[in-house]
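[1] need a 3D model of the sequence below.
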Amino acid sequence: MKRKFLLSVIFSFLLFNLNAGGFGVSGIAVPGPDFCGGLRLDYAADTIPFVFTADLYFYDEGVKSALGGLEFLAGNINLFKAVNFFYAPEIAAGFDFSENKVIFENAFYLGFNGFCTSRLQLFMQGGWAPQLLFADSEVGLKLLNFPLRAGVRVWAK
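    Purely as a prediction, here's the structure:
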């Protein structure tokens, strides 16, 4: 019941705020021994400081994992003209299909964003995203996880 209520609140919010926000797409690279790439789709509203995210990570055989998250844009500091520096903590949860594990992620990102036109925003970010992994009878911790993203966001206004 709580899940249905939460989903209906999020869906209602998105319907009423689509004209005051922007949809983004970015590429993801996670360097390291378990290197993988991916794609992020997101929605940011200029009425609240949150970004709703959906990530897909790929490897040779197909989709490795999927995550859904909520990023809090804690600060967006103007550096010069249209270029800003931002920092944002994020919580996310998902599933690793290749290893059959549930993922909980608590991340902190730093990045730059700027508007090329009044509706087109470019951004890049990197951060630390430690993960708690749950399998059938074990719990794991992945501390070395540093995703890098670069992408564009198109705003409705």
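[2] for the rest of this, base every contact and every neighbour count on C-alpha atoms.
    OK.
[3] which stretches of the protein form strands?
    In the chain, the strands defined using DSSP state E lie at 21-30, 36-45, 50-59, 62-72, 75-80, 83-96, 101-115, 120-128, 131-134, 139-142, 148-155.
[4] what's the average pLDDT for the longest one?
    Okay, so that is strand 101-115. For strand 101-115, the mean per-residue pLDDT is 96.
[5] hmm, who's touching it?
    Defining contact as C-alpha atoms under 8 Å, 6 or more residues apart in numbering, one finds that strand 101-115 is touched by 67, 82-96, 121-136.
[6] go on, the fourth one?
    Residues outside strand 62-72 that contact it (C-alpha under 8 Å, 6+ apart) are 49-58, 88-98, 103.
[7] what's the answer for the last one, then?
    Counting by C-alpha under 8 Å, 6+ apart, the neighbours of strand 148-155 from elsewhere in the structure are 20-30, 119-127.
[8] for the chain, where's the lowest mean pLDDT among helices and strands?
    helix 2-17 (a mean of 60; mean pLDDT, DSSP states H and E).
[9] low pLDDT regions in the chain?
    Along the chain, the model assigns pLDDT under 70 to residues 1-20, 157.
[10] residue nearest the centroid of it?
    For the chain, the residue whose C-alpha lies nearest the mean C-alpha position (C-alpha atoms, centre = their mean) is T53; its distance is 4.2 Å.
[11] hmm, L39 and it touching each other?
    No - contact between T53 and L39 fails when scored by C-alpha atoms under 8 Å: they sit 10.5 Å apart.
[12] thanks a lot, catch you later.
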